[in-house]
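**Q** Turn this into a model:
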Amino acid sequence: MQKLNSARHDRFWGVVLVAIVTIFGVVAGWIYVNPPSEKIVTFYTDDAASIRPGDTVRIAGIVVGNIKDLASEPDQIRVRTRVRRDAFVGDQSQVQVRMLTVVGGYFVTLIPLGDSEIGERPIPKERVTMPYSLVETLSDTTKITENLASQPIKDSIAQLQQGLTGSNTDSVTAVLDAANAIVDTMDRQRGQISKLLAMSDEFVDTLKDYRGQLQEYINKIAILEAALVLYGKSFADALEGIGAIVQAAKFGLLKMYFTNRQDFLDRLDGILTEFRTIQSRNGVLVRVLGRVHDRMQRAVGSQNSYIRPELLATDICVPVHGSPC
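**A** Model prediction:
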């Protein structure tokens, strides 16, 4: 009887020990599968080609977990992630799957939005953005053309086809012939320009041989120009004096020749007009000489070896009465 009681006692403690070990094993397994420092965040998508279990989950670039598993449902893919429990994930949060490197690899970014924790509620696929979805691309393409009226395009193509048939092909040929004629004309003009450049080179070479004579002509023209300017100033001053004398004597002579007053005045005005004409012609001659001087100097100056004289007659100012320097 005592042996029977001892066997029952050992069996009882054996069962208790097995139960305790089993409980500890279940608890340890549960803790391993669902760590107390992590929580499950679920989201849905319609294309999981870029997602793999073990991919990192980040918030603002910081790794807060990874993808636990994926499961297929009738019209979507369920993705479960393990995220640190202290990471806030709001009820309006969004998910973006981004490329990790240019050669491949992806990671999941959680964008926490909302005022309260999402808890066990999943993030719908409307708030999930994938890096590339062939289905979405094709559907978006159809949206671009769904409101496009095809009949005007068809009519335009038909008119274009009609315009390129029959006698209208001659018009296209004429346009091409005109373009070829323009190209030929441009080729001929290019040859003429080449001849003109060759002629200008020959002119420059000839001008180089007469450079000394041109420099001498420039000096003489400068002297003539300076002399005409000086004499023009003196002549203008003399005209002013003569005009003053005539104006002063005009009224005294009127008393003597009152009967021939108009004829006398006309003659005096004619003389003054002639003097003014001479003065203006002298100014024109000075300007013409100035232009000739400038052109010759530019022509000689185009040669690299030309050195302008330090002093020309036109660079000297001679003061005269009424025209100081």
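**Q** Which strand or helix spans the residue lying closest to Leu113 once chain neighbours are set aside?
**A** Nearest-residue entry for Leu113: Gln92, 4.1 Å, with adjacent residues in sequence omitted and distances by CB to CB, 6 or more residues apart in numbering. Every residue, glycine included, has its C-beta placed from N, CA and C. Assigning secondary structure by DSSP states H and E places Gln92 outside every helix and strand.
**Q** Now do the contacts for Gln92.
**A** Leu113, Gly114, Arg127 (CB atoms under 8 Å, 6 or more residues apart in numbering).
**Q** just the buried members of these?
**A** The neighbour-count test (16 or more other CB atoms under 10 Å) marks none of these as buried.
**Q** and which of those residues is nearest Val15?
**A** Ranked by distance to Val15 (CB to CB), the contacts of Gln92 are led by Gly114 at 50.4 Å.
**Q** any idea how far Glu38 is from the closest residue to that closest one other than its chain neighbours?
**A** The shortest distance from Gly114 to any non-neighbouring residue, by CB to CB, 6+ apart, is to Gly90 (2.7 Å). Remark: distance between Gly90 and Glu38 (CB to CB, to the nearest Å) = 18 Å.
**Q** Same check on Val27?
**A** 16 Å.
**Q** now do Gly61
**A** Going from Gly61 to Glu38 by CB to CB gives 19 Å.
**Q** what does Ala28 give?
**A** 16 Å.
**Q** neighbour count winner among Gly61 and Glu38?
**A** Set Gly61 next to Glu38 and count neighbours by other CB atoms under 10 Å: Glu38 wins out with 18 against 7.
**Q** So the more buried one is in contact with Val83, correct?
**A** Yes - using CB atoms under 8 Å, Glu38 is in contact with Val83, at 6.5 Å.
**Q** Can you pull the residues that touch both of the two?
**A** Gly65.
**Q** Wasn't Ala181 part of a strand?
**A** No - read with DSSP: H, G, I helix; E, B strand; the rest coil, Ala181 is helix and lies in no strand.
**Q** Quick check: which ranges of the stretch 51-200 of the chain have low pLDDT?
**A** Regions of the stretch 51-200 of the chain meeting the criterion pLDDT under 70 cover residues 102-103, 132-146, 163-172, 189-191, 193-194, 197, 200.
**Q** Out of the contacts of Gln92, which comes closest to Thr173?
**A** Out of the contacts of Gln92, the member with the shortest distance to Thr173 (by CB to CB) is Arg127, at 62.2 Å.
**Q** what does stretch 70-78 rub up against?
**A** Contacts to stretch 70-78, defined as CB under 8 Å, 6+ apart, come from residues Thr42, Tyr44, Thr45, Asp46, Asp47, Ala48, Ile51, Pro53, Val79, Arg80, Pro122, Lys125.
**Q** Now with 10 Å, please.
**A** Stretch 70-78 is contacted from outside by 42-49, 51-53, 69, 79-80, 122, 124-125, 128, using CB atoms under 10 Å, 6 or more residues apart in numbering.
**Q** Only whichever of the residues you listed are buried, select them in PyMOL.
**A** Only the buried entries of these go into this PyMOL selection, using 16+ other CB under 10 Å:
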select buried, resi 43+44+45+47+48+51+79+125+128
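**Q** if we can go back for a sec, secondary structure and distance to Ile20 for the contacts of Gln92 - can I get that in TSV?
**A** Compiled in TSV, the contacts of Gln92 are given as follows (DSSP: H, G, I helix; E, B strand; the rest coil; distance: CB to CB, whole Å):
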residue	secondary structure	distance to Ile20
Leu113	coil	46
Gly114	coil	44
Arg127	helix	46
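**Q** out of the residues you listed, which one sits closest to Ala158?
**A** Comparing the contacts of Gln92 against Ala158 with CB to CB places Arg127 closest, at 47.6 Å.
**Q** What is the neighbour count of the nearest residue to the closest one once chain neighbours are set aside?
**A** Leaving aside its chain neighbours, Arg127 sits nearest to Gln94 (4.5 Å; criterion: CB to CB, 6+ apart). Close neighbours of Gln94, defined as other CB under 10 Å, add up to 17.
**Q** which residues does Gln94 contact?
**A** Shown in contact with Gln94 (CB under 10 Å, 6+ apart): Phe43, Thr109, Leu110, Ile111, Pro112, Leu113, Gly114, Ile123, Glu126, Arg127, Val128, Thr129.
**Q** how much space between it and Val63?
**A** Note on Gln94: its distance to Val63, by CB to CB, is 18 Å.
**Q** With Gln192 instead?
**A** Going from Gln192 to Val63 by CB to CB gives 76 Å.
**Q** Give the rounded mean pLDDT of whichever helix or strand Ala226 is part of.
**A** Under the criterion of DSSP H and E, Ala226 resides in helix 211-256. On average, the pLDDT along helix 211-256 is 65.
**Q** Correct me if wrong, but Ala48 is in a helix.
**A** No - according to three-state DSSP, Ala48 belongs to no helix; its state is coil.
**Q** partners of the longest strand seen in the chain in the sheet?
**A** As assigned by DSSP state E, the longest strand anywhere in the chain is strand 62-73. Here strand 62-73 has these sheet partners by DSSP bridges: strand 56-59 (antiparallel), strand 76-84 (antiparallel).
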